[in-house]
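Peer 1: fold the following for me, if possible:
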Amino acid sequence: MSYDLKPVYSASIDDLSRVIFENEYLPAAFSKEVLDANDRTYEERLSSTRMIVSLDITSPTIFGLLAIGKNPQKFIPGAYVQFLRINGTELFDPIIDEEEIKGTIPDMIRRTEEKLKAHNRTAVDISFSPQKTTVDYPHIAFQQLLHNAMLHRLYEGTNAPVRVYWFNDRVEINSPGGPYGNITAENFGSPGITDYRNPNIADMMKTLGYVQRYGVGIQTAQNAMMKNSNPPIDFNISQSAVICILRAKK
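Peer 2: The predicted structure is shown next:
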C-alpha cells in the first residue's frame with residue numbers, strides 16, 4: 001500500500017468536505033451522465049474514490065485529507081507550503097512577505113501561484129511594435145516545479161513543508177524527500193522517466209488538470225526559462241530533498 005492510502009484513524013468523515021467532493025472533485029473525475037446514473041451513497045462514493053479506507057472502516061486516508069480535507073494540517077502537520085520573499089540573497093536578509101499556506105493540495109497550489117504571480121514583475125519594451133512584454137520568471141516554470149514538488153514530496157516521517165523562497169537573484173523550491181523509485185540523481189528531469197511516491201495524489205492532480213502529461217514537467221520548465229532568457233534551472237538533489245533553483249535574468 002502506498003503511503004497516501006494509509007488510514008488516519010484520528011480523523012473521521014466529518015473532517016472531509018462534502019462540498020469540495022461533490023462540487024469540485026466528482027465533476028472533474030466523472031462525466032455528468034455517469035454521476036447522474038450513479039445511485040451510490042456519499043459513503044460509497046468516498047470509498048470508491050479512496051477518500052476513506054472502506055465502508056467498514058470509514059477513516060479518511062492521507063489522500064482523502066489532502067484532496068478534500070477541511071483542515072488537513074491538523075492530521076498531517078508538515079503538509080503545507082512556506083513562502084518567503086526575501087529582500088536580499090541570503091536567508092538572514094530582511095523578509096518582506098511571509099506566509100504559511102495551508103489547506104488541501106489544490107488550495108495550496110492556487111494560493112502559492114497567486115503569491116508567485118504577485119511578486120513576478122512585468123516589463124514592457126515600447127521600442128518593439130507591437131510592444132514586447134517580459135517577466136522576471138516565466139510563470140509556467142513556477143507551475144511545473146511547484147506541481148512536481150506537491151506531487152512527489154515525502155509526506156511520511158517528516159514535518160518539513162514545501163519551501164518556496166524568493167530571493168532577489170533567484171527562487172528556490174525545496175521539496176522534502178529525495179528521488180524515488182526509478183528516479184535517480186543522474187536521470188532526474190529526463191523526459192518520460194517517471195515514478196510515483198504518491199500515486200493517488202498524482203491521479204488526483206491529473207484529474208483536476210494540474211498535470212497534463214507525466215514526465216515532461218521539468219523539461220517544460222527548462223524550455224520556458226530559456227525562452228524567457230533566464231539561465232537553466234539548477235537542481236540540488238539529496239536523499240532528503242530536491243531543491244529547484246530558478247535564477248534571475250542577468
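Peer 1: from here on, contacts and neighbour counts on C-alpha atoms
Peer 2: OK.
Peer 1: who's in contact with the residue positioned nearest the centre of the chain?
Peer 2: Geometric centre of the chain, nearest residue: residue 150, 2.9 Å, by Cα atoms, centre = their mean. Counting by Cα atoms under 8 Å, 6 or more residues apart in numbering, residue 150 touches 105, 162, 175.
Peer 1: check the gap between it and residue 105 for me.
Peer 2: Distance check for residue 150 against residue 105: by Cα to Cα, to the nearest Å, it reads 7 Å.
Peer 1: may I have the phi/psi pair for the residue nearest to the centre of the chain?
Peer 2: phi -70, psi -30 (degrees, to the nearest 10).
Peer 1: show me where this protein dips below the pLDDT cut-off.
Peer 2: Scanning the chain for pLDDT under 70 picks out 124-132, 181, 184, 186-187, 189-190, 192-193, 213-215.
Peer 1: go again with 80.
Peer 2: 1, 123-133, 179-196, 211-215 (pLDDT under 80).
Peer 1: could you pull out the helices in it for me?
Peer 2: Ranges of helices in the chain, per DSSP state H, are 18-20, 26-29, 32-37, 42-48, 62-68, 105-119, 139-152, 199-207, 217-227.
Peer 1: for the shortest one, buried residues please.
Peer 2: Of the residues in helix 18-20, those buried by neighbour count under the rule 16 or more other Cα atoms under 10 Å are residue 18.
Peer 1: so what touches it?
Peer 2: residue 68.
Peer 1: next: the second one.
Peer 2: Outside of helix 26-29, the residues within contact range by Cα under 8 Å, 6+ apart are 35, 207-208.
Peer 1: would you mind giving those as JSON lines with distance to residue 64 and neighbour count added?
Peer 2: Below are the contacts of helix 26-29 laid out as JSON lines (distance: Cα to Cα, whole Å; neighbours: other Cα atoms under 10 Å):
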{"residue": "35", "distance to residue 64": "19", "neighbour count": "14"}
{"residue": "207", "distance to residue 64": "14", "neighbour count": "17"}
{"residue": "208", "distance to residue 64": "14", "neighbour count": "16"}
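Peer 1: which one of the helices of the chain is the most hemmed in?
Peer 2: helix 62-68 (a mean of 28; mean count of other Cα atoms under 10 Å).
Peer 1: just how off-centre is that one within its chain?
Peer 2: 13 Å (Cα atoms, centre = their mean, to the nearest Å).
Peer 1: gap between the two ends of stretch 21-37?
Peer 2: Stretch 21-37: ends 17 Å apart by Cα to Cα.
Peer 1: name the residues that touch stretch 45-63?
Peer 2: 3-13, 16, 43-44, 64-65, 67, 76, 200-201.
Peer 1: try it again at 6 Å.
Peer 2: 4-9, 12, 64 (Cα atoms under 6 Å, 6 or more residues apart in numbering).
Peer 1: same thing with stretch 159-168?
Peer 2: With Cα under 6 Å, 6+ apart as the criterion, stretch 159-168 contacts 77-86, 88-89, 171-175.
Peer 1: ok, now with 7 Å
Peer 2: Stretch 159-168 is contacted from outside by 77-89, 171-176, using Cα atoms under 7 Å, 6 or more residues apart in numbering.
Peer 1: likewise for stretch 83-90?
Peer 2: Here stretch 83-90 has contacts from 93-100, 163-169, using Cα under 7 Å, 6+ apart.
Peer 1: show the buried residues in these.
Peer 2: 163-167.
Peer 1: give me the subset of these lying in strands.
Peer 2: Using DSSP state E, 163-166 are the members of the buried ones among the contacts of stretch 83-90 that sit in strands.
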